[in-house]
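# here is a sequence together with a model predicted from it:
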Amino acid sequence: MDSLSLSGVCRHHFSLDFNHSNPGFFLGNKLGFTRKQERRGLAIAGVASPLRRPVIVPSLDNETVDRRDRNHHTAWTSVRQERWEGELVVQGEIPLWLKGTYLRNGPGLWHIEDYNFRHLFDGYATLVKLHFEHGRLIAGHRQIESEAYKAARKNKRICFREFSEVPKYENFMAYVGDIAKLFSGASLTDNANTGVVKLGDGRVVCLTETQKGSLVIDPDSLDTLGRFEYSDTLGGLIHSAHPIVTKTEFLTLLPDLVNPGYLVVRMEPGTNERKVIGRVNCRAGPAPGWVHSFPVTEHYVVVPEMPLRYCAQNLLRAEPTPLYKFEWHPESKAFLHVMCKASGKIVASVEVPLFVTFHFINAYEVEDEDGRVTAIIADCCEHNADTTILDRLRLHNLRSFNGNDDILPDARVGRFTIPLDGSPYGKLESALEPNEHGRGMDMCSINPANLGKKYRYAYACGAKRPCHFPNTLTKLDLVKKVAKNWHDEGAVPSEPFFVARPGATEEDDGVVISLISEKNGSGYALLLDGSTFEEIARAKLPYGLPYGLHGCWVPKE
Ligand SMILES: CC(=O)/C=C/C=C(C)/C=C/C1=C(C)CCCC1(C)C
Ligand SMILES: CC(/C=C/C=O)=C\C=C\C=O
Ligand SMILES: [Fe+2]
């Protein structure tokens, strides 16, 4: 039996009984505290609510956890219980205009029983919420109830193919059976651990790179409501983990592994039906390049063809290869294709220098004096055409940092220029001197009002070296070509997420939200001013949360 200590004052004991369906887990009363606790100024994780029946919170932090797991940095340590909700004590001031819920998804549970997963991307999804209203902050987290997660808990082993993990087979016939199921998608994971988006119709969907891993959740209770079923007949098993989602559309890419290429598809709010805008055929290589994300401009979709390509053989393997389901094909070169959103026609397809990126930041059209679009600029977090970062994201590497080695591979803001005059080549340069952000660069956000338009600011994680993982929050000024960095010694911040002030006219008028994992098992939610990049508020969590990936904002209307 284990316990959770809160602010050193209050201890709650948790049982081994995993009762997932119990609806009434402990909540602070809506605003969190009893009077006595308020006087003491404590943030309490499990204050019995006068409105709701207190129940035992199922704990993950008992014998299912590998004990060695506890000595790691909080960022790489599995979340310690299934779910929690409570009000946090805020230091500083939360702007009164900030009304809504920030949701952040990520792989937060990296073991089943005493089996530890290999890679950051393998973990079962942990959804975190920060609800801001009246200057107060209610936080919570909860495991997403994917089929993969439920089956793993029930059978005490991995049952579906994850990013790098494959179920263990009892015999050769079991392996053959699983391969057969791979083609239908039945053996692929639905562990929606990468991101979370709010669709134009209000539904909130957690995503990963398998299409079946699109799960609808309730942004308030964090309940998993069920699978988001695409009602079209487009088929395919995978998609980009980062669709472009606005009030009016959902755009994504469906890689075609059989006939190498990509379908560019669009879904209208209120529907589950994706319609094809057009198709891009790959220019080279045995398979399409990995498309974790892609950028759009006002009129065009940019389809990246990265030399880090999906690999059919690696998909079939029981043991991971150095690049997992991918292969590096420098000889196949790199390309960017530009598709007109309205017609589906390809208006440019250029060869570009080799590149490696997970995340495009934004893109926009460049016009001449007559208003003709002459080029497209597309920015991304670019890893200097080096795939080493994928290996650095192995949990063993993340957990074995000694504090001194400077082993985070260099990255930069890669800026592509794609000419639209028929020239066969595009350019790739650094948008600013990478030392401005310590040569670390990933996990970016922008003001969504500037999506697809000329923009000046981006927020991302950079590096204060020596380090092994991005450890700063950085505001990039892409016009002045400078960066301003925030850093807390030993802490690992997650993606800085920008929320604009309603009615703002300046691009950086708003706040930046991030969740910080500290090395001693603690953590806090942080608010920076989007313009000055100074801290305006922070709120300590009752216990640190693991690293997470991408978030979204659900405004309270
Ligand atoms: C967390 C993150 O950023 C990426 C997760 C990617 C996943 C889960 C990829 C899974 C896949 C399979 C299970 C088989 C098919 C290929 C691929 C999409 C890589
Ligand atoms: C966390 C990460 C890269 C960090 C390195 O600099 C990439 C995440 C990719 C998936 O969302
Ligand atoms: Fe991502």
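Yes, it's here. Numbering: from 1, shown residues only. Ligands and ions are numbered 1, 2, ... in the order given.

# can we go C-alpha only for contacts and neighbour counts from here?
OK.

# pLDDT score for residue 268?
Model confidence at residue 268, expressed as pLDDT, equals 98.

# I'd like the average pLDDT over the top helix by length along the chain.
Ranked by residue count and defined by DSSP state H, the top helix of the chain is helix 172-184. Per-residue pLDDT values over helix 172-184 give a mean of 85.

# can you pull the buried residues of it?
175, 178, 179, 182 (16 or more other Cα atoms under 10 Å).

# show me what from the stretch 251-400 of the chain comes close to ligand 2.
residue 358 (Cα under 6 Å from any ligand atom).

# now do the strands in the stretch 251-400 of the chain.
Counting by DSSP state E, counting those that start in this stretch, the stretch 251-400 of the chain has these strands, from start to end: 261-267, 274-281, 300-305, 308-310, 326-328, 334-340, 346-352, 357-367, 373-382.

# got these as CSV, with distance to ligand 1 and mean neighbour count columns?
What follows is the strands of the stretch 251-400 of the chain, written out as CSV (distance: least, Cα to the nearest ligand atom, whole Å; neighbours: other Cα atoms under 10 Å):
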stretch, distance to ligand 1, mean neighbour count
strand 261-267, 14, 22
strand 274-281, 19, 18
strand 300-305, 15, 26
strand 308-310, 7, 26
strand 326-328, 7, 20
strand 334-340, 19, 23
strand 346-352, 24, 20
strand 357-367, 8, 22
strand 373-382, 14, 22
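
# nearest to residue 416, out of those strands?
Go through those one by one with Cα to Cα and the one that ends up closest to residue 416 is strand 373-382, at 5.0 Å.

# what about that closest one, distance to the chain center?
22 Å (Cα atoms, centre = their mean, to the nearest Å).

# who does it touch, helix- and strand-wise?
Counting contacts by 3 or more Cα pairs under 8 Å, 6 or more residues apart in numbering; DSSP states H and E, the secondary-structure elements packed against strand 373-382 are strand 357-367, strand 412-419, strand 442-445.

# right, and the ones you listed - which one's nearest residue 88?
Sorting these by Cα to Cα, the top spot, which is the nearest, belongs to strand 442-445 at 25.2 Å.

# quick check: buried residues in the closest one?
Neighbour-count burial for strand 442-445, counted by 16+ other Cα under 10 Å, picks out 442, 443, 444, 445.

# what's the next helix-or-strand element following it in contact with?
Proceeding C-terminally, strand 442-445 gives way to strand 457-462 as the next helix or strand, assigned by DSSP states H and E. Counting by Cα atoms under 8 Å, 6 or more residues apart in numbering, the neighbours of strand 457-462 from elsewhere in the structure are 361, 437-447, 470-478, 485, 493-498, 507-508.

# going by residue numbers, what spans are strands in the stretch 51-200 of the chain?
Under the criterion DSSP E, counting those that start in this stretch, the stretch 51-200 of the chain carries strands at the ranges 83-88, 90-92, 100-109, 111-112, 115-116, 124-133, 136-143, 195-198.

# what parts of the chain come near ligand 2?
Proximity of the chain to ligand 2, by Cα under 6 Å from any ligand atom, involves residues 194, 358, 440, 441, 442, 470, 549.

# does at least one residue of the longest helix of the chain sit close to ligand 1?
No. For helix 172-184 and ligand 1, the contact criterion (Cα under 6 Å from any ligand atom) is not met; the two come no nearer than 8.3 Å.

# let's see that helix as PDB, backbone CA atoms only.
Output for helix 172-184, consisting of C-alpha atoms alone and laid out as PDB, is shown next (Å, rounded to 0.1, in the frame of the first residue of the first chain):
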ATOM      1  CA  PHE A 172       5.300 -18.500 -34.000                       C
ATOM      2  CA  MET A 173       1.700 -19.000 -34.900                       C
ATOM      3  CA  ALA A 174       0.700 -16.200 -32.500                       C
ATOM      4  CA  TYR A 175       3.200 -13.900 -34.300                       C
ATOM      5  CA  VAL A 176       1.700 -14.900 -37.700                       C
ATOM      6  CA  GLY A 177      -1.800 -14.200 -36.400                       C
ATOM      7  CA  ASP A 178      -0.700 -10.800 -35.200                       C
ATOM      8  CA  ILE A 179       0.900  -9.900 -38.500                       C
ATOM      9  CA  ALA A 180      -2.400 -10.800 -40.200                       C
ATOM     10  CA  LYS A 181      -4.200  -8.500 -37.800                       C
ATOM     11  CA  LEU A 182      -1.600  -5.700 -38.600                       C
ATOM     12  CA  PHE A 183      -3.000  -5.400 -42.200                       C
ATOM     13  CA  SER A 184      -6.500  -4.900 -40.900                       C
END
